[in-house]
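J.: The sequence isn't on hand, but the structure is:
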Ligand SMILES: CC(C)=CCC/C(C)=C/CC/C(C)=C/COP(=O)(O)OP(=O)(O)O
């Protein structure tokens, strides 16, 4: 989708781009008007999926597919915030994902570090929409630098109160069950 839009944009130039932007904005307003009529849910969760299939389809490397997946996530989160949804949960990276090829795991760790750090920037959606960020999962499975970035974002957004974004990283139900039993035995 992004590839098609970009190649069309290259051909139509600035005026075409302006027209396309207005069309998207009009379409988005129509969708928002329709959705706003009904009660809006309080909590929505997203499972990230299809990044590698997307990369394969467009002849890209896997890590590029994950980058596009992150962009799509930010786009949909922005819509959620504009619609007034208070809680969003993202299932981003499970413990099972650690079994993937080392290069892919490393690329994902690098991407997570970059994007989590990016959430603290002035212009990020976190600051634009007053988002408090939580991380759910066994963070000790992450690379040290990613873990440090998660801790920094939690502190940096602790006073934001409009929206709560929970990012699930390094999670699986079996790990959660084992941890819970261990803690209840301690
Ligand atoms: C801070 C933050 C939220 C970062 C997100 C990083 C990121 C893009 C994580 C997604 C990783 C993942 C396993 C996606 C699922 O697609 P897949 O690889 O399973 O694709 P497939 O279904 O085509 O195999």
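T.: Arrived safely. These figures come from a predicted structure and were not determined experimentally. Numbering: from 1, shown residues only.

J.: From now on I want contacts and neighbour counts done on CA atoms only, so please keep to that.
T.: Noted.

J.: Helix, strand, or coil at the nearest residue in space to residue 111 that is not next to it in sequence?
T.: Excluding the flanking residues, the one nearest residue 111 by C-alpha to C-alpha, 6 or more residues apart in numbering is residue 67, at 7.5 Å. At residue 67, secondary structure determined by DSSP: H, G, I helix; E, B strand; the rest coil is helix.

J.: What helix or strand is the residue nearest to the spatial centre of the chain located in?
T.: With the centre of the chain defined as its mean C-alpha position, the nearest residue by C-alpha atoms, centre = their mean is residue 73, 4.2 Å away. Using DSSP states H and E, residue 73 maps to helix 62-83.

J.: Spell out which parts of this structure neighbour the ligand.
T.: The chain comes close to the ligand at residues 48-53, 66-67, 69-70, 92-93, 97, 112, 115-116, as judged by C-alpha under 6 Å from any ligand atom.

J.: May I see the ChimeraX selection of the buried members of the residues you listed?
T.: When burial is assessed using 16 or more other C-alpha atoms under 10 Å, the buried subset of the residues of the chain next to the ligand is captured in ChimeraX by this command:
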select :51,52,66,67,69,70,92,93,97,112,115,116
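
J.: so which two of the residues of the chain next to the ligand are the farthest from each other?
T.: The most widely separated members of the residues of the chain next to the ligand are 53 and 116, with 23.9 Å between them, by C-alpha to C-alpha.

J.: Give me the neighbour count for residue 140.
T.: Here the number of neighbours of residue 140 (other C-alpha atoms under 10 Å) works out to 10.

J.: hang on, it is in a strand, isn't it?
T.: No. Residue 140: not assigned to a strand; according to three-state DSSP it is helix.

J.: Next up, the contacts around it.
T.: residue 147 (C-alpha atoms under 8 Å, 6 or more residues apart in numbering).

J.: Now do the helices in the chain.
T.: Counting by DSSP state H, one finds helices in the chain at the ranges 2-37, 51-57, 62-83, 102-118, 125-129, 144-156, 173-185.

J.: among these, which gets the worst mean confidence?
T.: When mean pLDDT is averaged over each of these, helix 2-37 scores lowest at a mean of 75.

J.: re earlier: what residues does the helix holding residue 73 touch?
T.: When contacts are taken as C-alpha under 8 Å, 6+ apart, the neighbours of helix 62-83 outside the stretch itself are 2, 32, 36, 40, 48, 51-56, 88, 104, 107-108, 111, 125, 129, 163.
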